[in-house]
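*Asks:* Output the structure for:
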Amino acid sequence: MTPEERAWWRRVPGVLVRPRPVFAALRSDDDADLAARQEPILLVILLAGMGAVLLTPAWQHLRDDDFSMEAIVIAVLTFIGGGLYGAVGYFLLGGALYIGARAMGSEAPFRLSRHVLAFAAVPVALSLFVVAPVIAIAFGRDWFLRGGPEGSGPDAVVALGLGFVAWTLGLLVVGLRVTLALPWRGVVGALLLGGVLVAAVAVLPSAL
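*Replies:* Below you'll find the model as predicted:
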């Protein structure tokens with residue numbers, strides 16, 4: 001492992017406690033540095049996708065058509081679905097962020113917007129190691145069945161996951177300020193425009 005690779009692996013947990021130096025380091029366009037951050041970004045996107053997909057309505061109905069689905073099958077489907085979810089989110093949200101930042105005057109490339117998003121998503125990746133055990137212990141396979149868990153428990157788990165999403169949004173603000181050097185109005189504008197674009201893409205299939 002090269003020194004650059006070791007540095008970027010250390011920055012993955014580092015962004016949770018000292019985000020500004022990590023987002024400042026993203027401004028480097030050295031080829032060795034860009035290559036060194038690819039594997040950490042890939043891991044973050046995979047874990048973040050898995051953490052996010054666990055809380056989607058689709059996953060809460062995963063066993064509806066196969067009541068006897070085993071835990072190992074659920075785990076494999078979550079790995080595959082999380083990978084796809086993370087990859088789509090990486091490019092879709094990264095693209096929306098790029099367009100929003102460009103509209104606010106940023107000249108940063110698409111790649112840099114994606115990398116900012118990836119390191120901002122570390123809390124969502126971390127949520128997998130909190131939310132998944134809670135689901136396994138408190139609900140088991142009932143979590144993946146329509147009408148399974150009752151009461152306020154499921155809502156509390158979703159709220160817990162949304163807390164990690166809020167953490168990610170906070171890091172995204174830091175990344176837009178530090179990496180893309182946007183002023184505060186640019187940060188707000190980029191997030192709003194990016195959100196509008198994502199919402200438009202999300203509702204487009206139902207409008208056609």
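
*Asks:* packing partners for the lengthiest helix in the chain?
*Replies:* Secondary structure assigned by DSSP state H gives helix 71-103 as the longest helix of the chain. With contacts defined as 3 or more Cβ pairs under 8 Å, 6 or more residues apart in numbering; DSSP states H and E, helix 71-103 has these neighbours: helix 38-53, helix 110-120, helix 153-178, helix 184-207. All C-beta atoms are positioned from the backbone trio N, CA, C, and that covers glycine.

*Asks:* Please work out which residues outside the shortest one touch it.
*Replies:* The contact list for helix 110-120, computed with Cβ atoms under 8 Å, 6 or more residues apart in numbering, reads 11-12, 15, 19, 22-23, 26-27, 34, 37, 41, 44-45, 90-91, 93-95, 97-98, 101, 168-169, 171-172, 174-176, 179-180.

*Asks:* again, but for stretch 81-88
*Replies:* Where contact means Cβ under 8 Å, 6+ apart, the residues beyond stretch 81-88 that reach it are 45-54, 56, 59.

*Asks:* Same question for stretch 9-18.
*Replies:* For stretch 9-18, using Cβ under 8 Å, 6+ apart, the contacting residues are 1, 21-23, 25, 39-40, 43-44, 119-120, 122-123, 126, 171.

*Asks:* among those, which ones are buried?
*Replies:* Buried members of the contacts of stretch 9-18, scored by 16 or more other Cβ atoms under 10 Å, are 22-23, 25, 40, 43-44, 119-120, 122-123, 126, 171.

*Asks:* Pull the most distant pair out of those residues.
*Replies:* 25 and 126 (19.8 Å; Cβ to Cβ).

*Asks:* what residues are up against the nearest residue to residue 15 once chain neighbours are set aside?
*Replies:* Ranked by Cβ to Cβ, 6 or more residues apart in numbering and with sequence neighbours excluded, the top spatial neighbour of residue 15 is residue 22, at 4.3 Å. Residues in contact with residue 22 (Cβ under 8 Å, 6+ apart) are 11, 14-15, 119.

*Asks:* Regarding residue 22, what is its secondary structure?
*Replies:* For residue 22, the assignment made with DSSP: H, G, I helix; E, B strand; the rest coil gives helix.

*Asks:* From residue 37, how far out is it?
*Replies:* Here the criterion is Cβ to Cβ, to the nearest Å. By it, residue 22 lies 10 Å from residue 37.
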